[in-house]
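Enquirer: A structural model of the following input is requested.
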Amino acid sequence: DIGFEWQLQAHSVPVEWQIRYEQLKTFKSRTGHCRVPQGFIENKALGRWVSNQRTQYKLMSEDKPSSMTVERAQALKDINFEFRFKRKKKADIPFFEILGKKVGMSNVWRCDMCLSARFLSFKEAQDHENKCSK
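Expert: Modelled structure (predicted):
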């Protein structure tokens, strides 16, 4: 005996995965999509988790070691999770850090709920804002 005591973490990996999955479902119910930004201010851990799910799915699909399981992949597919999500424009990225709804140009808007900046028409921006604010 060297006097070292092992302590288990409060959540096991499967429990933590389920917690994040439920948070993702809540995010989707609020925004209509599962594209949580990595820097999501409201829940940064969820943003990192979503990114990690894409990475783990890619590894699994390449027959490499991965924490992704067939069951987890199916659960994510069931809520229309996009495993190969790509941003439409790289120009959107800097706007994640900007506060306020209307940013710079008249057709660039940032959604408070999903924090994604998009180049939208005025009507599209209003429709998106109404959807995300519910």
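
Enquirer: All the strands of this protein, in order from the start?
Expert: 108-110, 117-119 (DSSP state E).

Enquirer: The first one - what's its average pLDDT?
Expert: Spelled out, that is strand 108-110. For strand 108-110, mean pLDDT is 46.

Enquirer: Okay, now the unreliable bits of the chain?
Expert: Applying pLDDT under 70 to the chain flags residues 1, 4-12, 85-134.

Enquirer: Give me the contacts around stretch 44-54.
Expert: Applying Cβ atoms under 8 Å, 6 or more residues apart in numbering, the contact partners of stretch 44-54 are 20, 23-24, 27, 34-40, 68, 72, 76, 81, 83-85. Using the backbone N, CA and C atoms, a C-beta is placed for each residue, glycine as well.

Enquirer: doesn't residue 24 make contact with residue 36?
Expert: Yes: distance between residue 36 and residue 24: 6.8 Å, which falls inside the contact criterion (Cβ atoms under 8 Å).

Enquirer: More neighbours: which of the two?
Expert: residue 36 (27 against 21; other Cβ atoms under 10 Å).
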